[in-house]
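K.L.:
next comes the sequence, and after it the predicted model I'd like to discuss.
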Amino acid sequence: METFLFPVLRTISSFIILLIVTLIIGKHINSHKTHYSFALSITIGSIIANMAFDSAIPFIQILVSFLTIVLMFYLFLFLSAKSRKIRKWFSGRPTVLIEDGKILEHNMKKLKFSLDDLDQHLRELGEFDFNELDYVLLEVSGQLSIQKKDRFQPVTKQDLHLPSKNISIPRELIMDGRIVEKNVNETYTKAWITQQCRSRNLEIKDVFYAVINSSGTLFIDQYKDNLQSPSDVE
């Protein structure tokens with residue numbers, strides 16, 4: 001019995017430990033925006049795997065290693081906040097691939113970044129015309145940041161001298177047939193939400209999702225979509 005129970009307990013313990021740490025530093029682990037966050041995620045994943053499955057190594061030793069990595073993470077955060085040089089070393093710096101509309105071949109050669117790579121990345125961003133590009137940078141995350149030439153920039157309301165509206169963050173009012181209590185306020189009260197549903201011949205339990213969008217309009221999606229032949233493709 002112990003042959004099966006011990007690995008099960010190690011696996012459960014490892015998962016709980018990883019979950020707790022992820023809740024604390026998950027944004028750094030998940031983002032992979034810097035060299036350091038990438039190395040951190042790989043190291044944590046390796047340690048957790050050994051913690052769960054490698055019974056030859058005592059659990060407490062792996063746990064100490066795991067806690068050491070977490071402490072190193074906070075130490076590096078502290079040092080990065082104090083020194084810009086250290087922050088650059090840990091985080092890396094973007095590389096300019098196009099400047100003033102000209103491709104910088106020497107930077108691309110340093111990165112072993114081919115024209116085919118550049119073309120693919122630009123196409124994925126919906127950019128097909130090099131004539132429109134002013135600056136292109138390859139970020140540490142591997143993503144491209146693009147600035148178009150001024151004449152190819154999209155027109156804004158300010159350019160057209162149009163009045164601006166106050167845009168707010170969408171407020172979710174109903175999820176899974178229940179009112180989201182924390183988003184109820186003096187404007188969007190429970191009575192108001194109920195009244196909006198009843199005006200559409202719906203009860204709260206009939207609504208899958210209801211949200212006030214950024215323009216202040218109420219969107220409601222009910223469980224029953226009333227479609228003749230809904231798509232069944234993921």
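P.N.:
The structure has been received and is ready for your questions.
K.L.:
so the residue lying closest to residue 180 once chain neighbours are set aside bridges to which residues?
P.N.:
For residue 180, ignoring the flanking residues on the chain, the nearest one in space by Cβ to Cβ, 6 or more residues apart in numbering is residue 172 at 5.2 Å. For glycine as for every other residue, the C-beta is placed from the backbone atoms N, C-alpha and C. Assessed by DSSP bridges, residue 172 has beta-bridge partners residue 211.
K.L.:
neighbours around residue 172, how many?
P.N.:
Neighbour count of residue 172, defined by other Cβ atoms under 10 Å: 14.
K.L.:
for it, what are its contacts?
P.N.:
180, 183, 209, 210, 211 (Cβ atoms under 8 Å, 6 or more residues apart in numbering).
K.L.:
contact partners for the fourth one?
P.N.:
Taking Cβ under 8 Å, 6+ apart, we find residue 210 in contact with 172, 173, 174, 193, 196, 197, 218, 219, 220, 221.
K.L.:
repeat the analysis, applying 7 Å as the threshold.
P.N.:
Residues in contact with residue 210 (Cβ atoms under 7 Å, 6 or more residues apart in numbering) are 173, 174, 218, 219, 220.
K.L.:
below-threshold pLDDT in this structure: ranges please.
P.N.:
1-4, 26-35, 90, 226-234 (pLDDT under 70).
K.L.:
what about the longest helix in it?
P.N.:
Counting by DSSP state H, the longest helix found in the chain is helix 2-31.
K.L.:
separation between the closest residue to residue 128 other than its chain neighbours and residue 138?
P.N.:
Using Cβ to Cβ, 6+ apart and skipping the chain neighbours, the partner closest in space to residue 128 is residue 122 (7.2 Å). Here the criterion is Cβ to Cβ, to the nearest Å. By it, residue 122 lies 11 Å from residue 138.
K.L.:
common neighbours of the two, please.
P.N.:
Contacts common to residue 122 and residue 138, judged by Cβ under 7 Å, 6+ apart, are residue 144.
K.L.:
which residues of this protein fall in strands?
P.N.:
Assigned by DSSP state E, the strands in the chain fall at 95-99, 102-103, 133-138, 144-148, 171-175, 178-179, 207-212, 218-222.
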